[in-house]
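# got a sequence here, can you model it:
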Amino acid sequence: MSENQPRTCGACPNRGTYYKANENTDHLEKSTVPKPELVYQNRTTLEEHHHGVPKTNFPPDLTVSPEKSAGDGCCSGCNNKKVDQEEPCPDNPYAMEKCREKQPVQINRSPHVSVPNDYKQNEQMHLSSNPKAETTGPCYLPHPEDDMPKATEASMGPIGPWATGRVDWSPISGMTGTRPIVDKYSITRYSEGEWRRKNKEVLDSAKDAQHRANLVDWNGRRCLEQTRADVDKNQEDSTKRLTQRSQDLHRWKCELEMAIAAAAEEIGFLEADRRRLKTAAAVLTMPESIAGECLERRTGRVDTELVRDEVEEELIKELALIAEIRETFARTLKDVEMQLLEDKTAKQRLEYDWSDKTVTHQIEAVNCALNNRSNIMLFKPGSTIFPDDQSSKEHWEHFTRETLQEGEATRQRSITLRGTLDAILINASKDLRAQADRVDLALSRRNACNEQIRIALENELKNILQRLADVEDMIKSLRDQIRRMDIPMKKAQTRLDNRLQRPRVENCRDDAHYGLIEEVKTIGENVSALSAQLKIAEANQAELIKTRGVLEKEIIAKRKTLEIDKMRAQLIRSHYPSATALTGH
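Residues are numbered from 1 along each chain as shown. Now for the predicted structure:
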């Protein structure tokens, strides 16, 4: 390891020149925090003791001047320090402005390292512009200098009470920084800065508690005033809502009375169309059986062919349409048979609703008449509930309107049912025939698609078989080539073994030896490449065999699907009933 050349600042490399600092230059006098990025912080040179930092991993002390103070810093002779001259300490350690004479602080520097003058001037220019940090506020609160690095109190040499590490090179090693110097550290638990920060936290928590107490007092007074206003307003609003509710009840009661009078006049004459409706319902059995048979046959498809395709979707829609039409016929037939009974039932329901609203209207009238001086009021805490069987306002209004609408619909059905019955039958017939045509079209498209994919799969199977034969030939060629590589390998290794038998100095690393080593390496790499290609080819062969099995299985499945859709489904659907038969004629 080569040591760095010692730096020199003049004629004598071991003697520093000290001069008096400029009286007008103050370092960090103002209460400001310097910016984190300074010129000397960007340097990475090790052991720059003239910057006030013993190592590059320590931050600089901004309270220390980069200049040496003039005077008797050193006596005659190199590196013989006199009594340390320290800056006078004020009464309050945190009141830096009390210092009468602001002189730069002497920087701890290795006694055997000299500083060039140009470095001194540059550092003086960089640090002289930074104002000096001032301490403001009480002494028990945090100060700006708490977060600033502290200057070292004494230098640490390679030997002495500070150097507890083992220096096994030489005394020069500790001086030049080529060996670390281990320091002893204090066991102090907290710093003064942490103590002042703790004081600030306690004071802040006390102020927060007082602020919360003021908020509680203000909120309590506001709550008392707001409660009185809310009680009066709530009573007035409740009375208005009860009055509006009573008016709504009276309106619905009048409408129910008119609906009851109209329901008593209705009579139905639907016996003539009853037989036609039953005939049309019987015809629905045939299309329903055809669609069900097609779905059942298509469940015989194998594996991946058992899909929910367009044909199955249309068949399911056809069954749903037939079920819906059958339900419509049954509902219409029930309406025809039970029309007279429905008139009586609707009238009875209207009368029950009118009776309930009459009782409710009387109760709401009593509630509207109550005031603060009424003598019938009692504490009834059990009434402050929402019963499970209690209806909502929307449900109550919907129930009343539904009762009226159902009564009116029952009355209108007895008049218009014979006219609408014919339209229902015709529309049902049209819907069934249209859905049957869609099923037939989807079935034809599906059969054509299956035929195309069957042909494509057979062609792919032929290609796979051809590629499988080619891969087998490639595997055979690779194995033969790997076996043939054994002879060149044996030859090269035999030559190397024979050359190792050369005596003494004749056993040298000549060009021939390097060539044989390279030949063995090349042969090994070629064998590895051939082996890798052989594995890839074998994997490809297995994949082709698997693909061949998949293709053969898919071709069988496609042929089975074509047999079901063509030979069975299309034949059954040729017996679908006509539109005339679906209308009941």
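
# C-alpha only now, for contacts and for neighbours.
Will do.

# any idea how far the closest residue in space to Arg438 that isn't next to it in sequence is from Arg499?
Nearest residue to Arg438, sequence neighbours excluded (C-alpha to C-alpha, 6 or more residues apart in numbering): Glu314, at 7.0 Å. Distance, Glu314 to Arg499, by C-alpha to C-alpha, to the nearest Å: 86 Å.

# neighbour count winner among those two?
Glu314 (21 against 16; other C-alpha atoms under 10 Å).

# wait, that one sits on Asp437?
No - counting by C-alpha atoms under 8 Å, Glu314 sits too far from Asp437 to count as a contact (9.9 Å).

# contacts only, for the residue lying closest to Lys200 once chain neighbours are set aside.
Among residues not flanking Lys200 along the chain, Leu141 sits closest, at 5.9 Å (C-alpha to C-alpha, 6+ apart). Leu141 sits next to Arg196, Arg197, Asn199, Lys200 when contact means C-alpha atoms under 8 Å, 6 or more residues apart in numbering.

# pLDDT of the longest helix along the chain, averaged?
With secondary structure taken from DSSP state H, the chain has its longest helix at helix 393-484. Mean pLDDT, helix 393-484: 89.

# lowest-pLDDT helix or strand in the protein?
Across the helices and strands of the chain, the lowest-confidence element by mean pLDDT, DSSP states H and E is helix 117-128, at a mean of 43.

# so the helix or strand hosting Ile545 versus helix 393-484, what angle?
Element membership for Ile545, per DSSP states H and E: helix 511-562. Calculated by axes from the mean of the first three to the mean of the last three C-alpha atoms, to 10 degrees, helix 511-562 forms an angle of 130 degrees with helix 393-484.

# just checking, what packs against helix 511-562?
Contacts defined by 3 or more C-alpha pairs under 8 Å, 6 or more residues apart in numbering; DSSP states H and E place helix 511-562 against helix 393-484, helix 486-499.

# low-confidence ranges, this protein, go.
1-136, 150-189 (pLDDT under 70).

# phi and psi next, for Phe386.
phi -110, psi 100 (degrees, to the nearest 10).

# distance check, it against Asn219.
Remark: distance between Phe386 and Asn219 (C-alpha to C-alpha) = 32 Å.

# between these two, who's got more neighbours?
Asn219 (11 against 8).

# check which helix or strand Thr239 maps to.
Residue-wise, Thr239 maps onto helix 192-263 under DSSP H and E.

# nope, Lys317 is what I meant
Going by DSSP H and E, Lys317 is in helix 310-337.

# what angle do that helix and helix 393-484 make?
Using the same axes, to 10 degrees: helix 310-337 against helix 393-484 is 160 degrees.

# now do the buried residues in the next helix or strand after helix 310-337.
Next helix or strand after helix 310-337 toward the C-terminus (DSSP H and E): helix 339-369. Across helix 339-369, burial judged by 16 or more other C-alpha atoms under 10 Å covers 339-340, 342-344, 346-347, 349-351, 353-354, 357, 361, 364, 368.

# and what of stretch 566-585?
Ala569, Arg573, Pro577, Ala579, Leu582, Thr583, Gly584.

# so what touches that stretch?
Here stretch 566-585 has contacts from 276-281, 283-284, 286-287, 290, 294, 297, 425-426, 428-430, 433, 440, 443, 447, using C-alpha under 8 Å, 6+ apart.

# separation between Ala263 and Leu340?
Ala263 is 11 Å from Leu340, by C-alpha to C-alpha.

# same question, Ala229
From Ala229 to Leu340 the distance is 59 Å (C-alpha to C-alpha).

# got it, and Ser238?
Separation of Ser238 from Leu340 (C-alpha to C-alpha) stands at 45 Å.

# Arg197 against Pro142, yeah?
Yes - applying C-alpha under 8 Å, one finds Arg197 in contact with Pro142, separated by 5.5 Å.

# these two - which one has more neighbours?
Pro142 (21 against 16).

# then that one would be within a strand, right?
No - under DSSP: H, G, I helix; E, B strand; the rest coil, Pro142 sits outside any strand and is assigned coil.

# please report how far the closest residue to it other than its chain neighbours lies from Pro149.
Leaving aside its sequence neighbours, Pro142 sits nearest to Arg196 (C-alpha to C-alpha, 6+ apart; 5.0 Å). For Arg196, the distance to Pro149 (C-alpha to C-alpha) stands at 17 Å.

# those two: who's more crowded?
Taking other C-alpha under 10 Å, Arg196 and Pro149 do not tie; Arg196 has more neighbours (17 against 13).

# residue contacts, that one?
Counting by C-alpha under 8 Å, 6+ apart, Arg196 has contacts Tyr140, Leu141, Pro142.

# and what of Ile517?
By C-alpha under 8 Å, 6+ apart, the neighbours of Ile517 are Leu496.

# got the angle for the longest helix of the chain vs helix 339-369?
Going by the same axes, to 10 degrees, helix 393-484 makes 110 degrees with helix 339-369.

# tell me what angle helix 393-484 forms with helix 192-263.
Using the same axes, to 10 degrees: helix 393-484 against helix 192-263 is 120 degrees.

# check for me that Leu378 belongs to a strand.
No - Leu378: not assigned to a strand; according to three-state DSSP it is coil.

# contact partners for Asn498?
Taking C-alpha under 8 Å, 6+ apart as the definition, Asn498 has no contacts.

# separation between the nearest residue to Thr239 once chain neighbours are set aside and Asn375?
In space, and not counting its chain neighbours, Thr239 is closest to Cys368: 6.1 Å by C-alpha to C-alpha, 6+ apart. Computed with C-alpha to C-alpha, the distance linking Cys368 and Asn375 is 14 Å.

# ok, back up a step: okay if I get the buried residues of stretch 566-585 as TSV plus distance to Thr416?
Shown next, in TSV, are the buried residues of stretch 566-585 (distance: C-alpha to C-alpha, whole Å):
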residue	distance to Thr416
Ala569	42
Arg573	37
Pro577	29
Ala579	24
Leu582	22
Thr583	19
Gly584	20
